[in-house]
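Asks: Provided below for reference: sequence and predicted model.
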Amino acid sequence: MDDYNCNFVLTNTDASIANALRKSMISEVPTICIDLVEVEENSSCLADEFIAHRLGLIPLISKRAIIDGPCAYKDQNGQEKGFMWHHEADEDHKCEIKFELNVRNTDDAALEVTTQHLLVSKEHGDPPMSQADCEVDCVEYDPKWPIVIAKLKKNQSLKLTAIAKKGLGKMHSKWSPASGVVFQYEPVVVLNHDKLEEIKKDPKLGNASLQKWVTDCPEGLVRWDSDNKQVQVLEVPYTGVAFSNECENLAKAQFGPEFFDLVSVKPKCGPDGTPDRFNFFVETNGSLLPMTLIRTALHELTRKLDILEAALNPTDARFV
């Protein structure tokens, strides 16, 4: 795990739960994104709508958006401080963050307008409230390479106000905190030893052809043991190539169609014969930490299941 990525293994469950968790991470975890843009001056070559669209896609640090569950936001004093939905708030500063951008290029060289020019307003709301400690800002992957919003030639300018609100990925993809969430079955790699021996005994093939096959196969699945002159399966196969069928296709091309099953890769299954281990690869856009995203998604999934159970058991004493 690092600031943007997390890999983990989900076990003792089935594909439906794994996929529900994946979808929850993509579309059910709230973040904060720019939703309204008021352009006061724009003499760049880009249309107002184009710039507004770009601003909406800029990821913002969104830990304030989490108000429930194990990762609920807490201020510097340790108090939970919720960031409300727009339709629930009675004052703007409780549900909005205001940004301002005011840039004019006075040089001959082109000027890049970046997220470093997009600043949080000092005050916002009615009555005006300070935003000094709002803890919402543009995600900065590398200070040397901020996100470019537009480019201005000499005497061109861009002045605007942007309002950020809370939302979900299912409302618009700009609110999704996940850049990519995928899972793969845990692979079980099995060699067909009978056919390996058949190749070894063939005078036209032998160990040299097997070694070439192993060399041609993508790394992370099988290896050649030079001491014992045998093909071996890696202790921890690389799931990225396990189910690609590349090793099988190479065996078919090199030794013939009947050797397609020289190596077989199948999902690891439980006692009932269905896959029960899933390797997850989670990448965030920086708006939330990977662990915050995963734990909040689990909380949201559990909460929805509780609601469903209550609806299916209206006479259950637990829900009366």
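Replies: Received the coordinates, thanks.
Asks: switch to C-alpha atoms for all contacts and neighbour counts from now on
Replies: OK.
Asks: so what's residue 75 closest to, chain neighbours aside?
Replies: Of all residues not flanking residue 75 in the chain, residue 81 sits nearest, at 6.2 Å (C-alpha to C-alpha, 6 or more residues apart in numbering).
Asks: does the one you found really touch residue 66, like I thought?
Replies: No - using C-alpha atoms under 8 Å, residue 81 makes no contact with residue 66, being 9.4 Å away.
Asks: looking at the two, which is more packed in?
Replies: Higher neighbour count among residue 81 and residue 66: residue 66, with 26 against 17, using other C-alpha atoms under 10 Å.
Asks: quick one: the helices in the chain, in order.
Replies: 15-27, 48-56, 193-201, 206-216, 239-242, 246-255, 290-312 (DSSP state H).
Asks: least reliable of the ones you listed by average pLDDT, please.
Replies: Lowest mean pLDDT of those: helix 239-242, a mean of 82.
Asks: so how far is that helix from its chain's centroid?
Replies: With C-alpha atoms, centre = their mean, to the nearest Å as the basis, helix 239-242 stands 19 Å off its chain's centre.
Asks: for it, name the packing helices and strands.
Replies: Counting contacts by 3 or more C-alpha pairs under 8 Å, 6 or more residues apart in numbering; DSSP states H and E, helix 239-242 packs against no other helix or strand.
Asks: hey, C-alpha coordinates of that helix in CSV?
Replies: Presented in CSV, the C-alpha positions along helix 239-242 are these (Å, rounded to 0.1, in the frame of the first residue of the first chain):
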residue,chain,number,x,y,z
THR,A,239,-1.9,-12.8,-11.4
GLY,A,240,-1.4,-10.2,-14.1
VAL,A,241,-0.5,-12.9,-16.7
ALA,A,242,-1.9,-16.0,-15.1
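Asks: in it, what counts as buried?
Replies: Within helix 239-242, the residues that qualify as buried are 239, 241, 242, counting by 16 or more other C-alpha atoms under 10 Å.
Asks: which secondary structure element of this structure has the lowest mean pLDDT?
Replies: Lowest mean confidence among the helices and strands of the chain (mean pLDDT, DSSP states H and E): helix 239-242, at a mean of 82.
Asks: give me the distance between residue 161 and residue 34.
Replies: Distance, residue 161 to residue 34, using C-alpha to C-alpha, to the nearest Å: 10 Å.
Asks: who has more neighbours, those two?
Replies: The neighbour count for residue 161 versus residue 34, taken as other C-alpha under 10 Å, is higher for residue 34 (26 against 18).
Asks: where does pLDDT dip in this structure?
Replies: For the chain, applying pLDDT under 70 flags the ranges 80, 316-320.
Asks: can you list the domain ranges for it.
Replies: What automatic domain parsing lists as the domains of the chain is 31-175, 187-267.
Asks: quick check: residue 114 touching residue 150?
Replies: Yes - the pair residue 114 / residue 150 is scored as a contact, 7.1 Å apart, by C-alpha under 8 Å.
Asks: for residue 115, give its distance to residue 285.
Replies: Counting by C-alpha to C-alpha, the gap from residue 115 to residue 285 is 15 Å.
Asks: meant to ask about residue 294
Replies: Where residue 285 is concerned, residue 294 sits at a distance of 13 Å (C-alpha to C-alpha).
Asks: and what of residue 313?
Replies: 39 Å.
Asks: okay, those two: which has more neighbours?
Replies: Taking neighbours as other C-alpha under 10 Å, residue 313 and residue 285 compare with residue 285 leading, 21 against 13.
Asks: which residue, other than its chain neighbours, is closest to the more buried one?
Replies: Nearest in space to residue 285, with sequence neighbours left out and distances taken as C-alpha to C-alpha, 6+ apart, is residue 179 at 5.3 Å.
Asks: show me the contacts for that neighbour.
Replies: Counting by C-alpha atoms under 8 Å, 6 or more residues apart in numbering, residue 179 makes contact with 282, 283, 284, 285.
Asks: next: residue 167.
Replies: The neighbourhood of residue 167, defined by C-alpha under 8 Å, 6+ apart, consists of 30, 31, 32, 33, 85, 175.
Asks: what is it paired to in the beta sheet?
Replies: In this entry, residue 167 is beta-bridged to residue 31, by DSSP bridges.
Asks: distance check, it against residue 120.
Replies: On the measure of C-alpha to C-alpha, residue 167 and residue 120 end up 19 Å apart.
Asks: and residue 67, by the same measure?
Replies: 22 Å.
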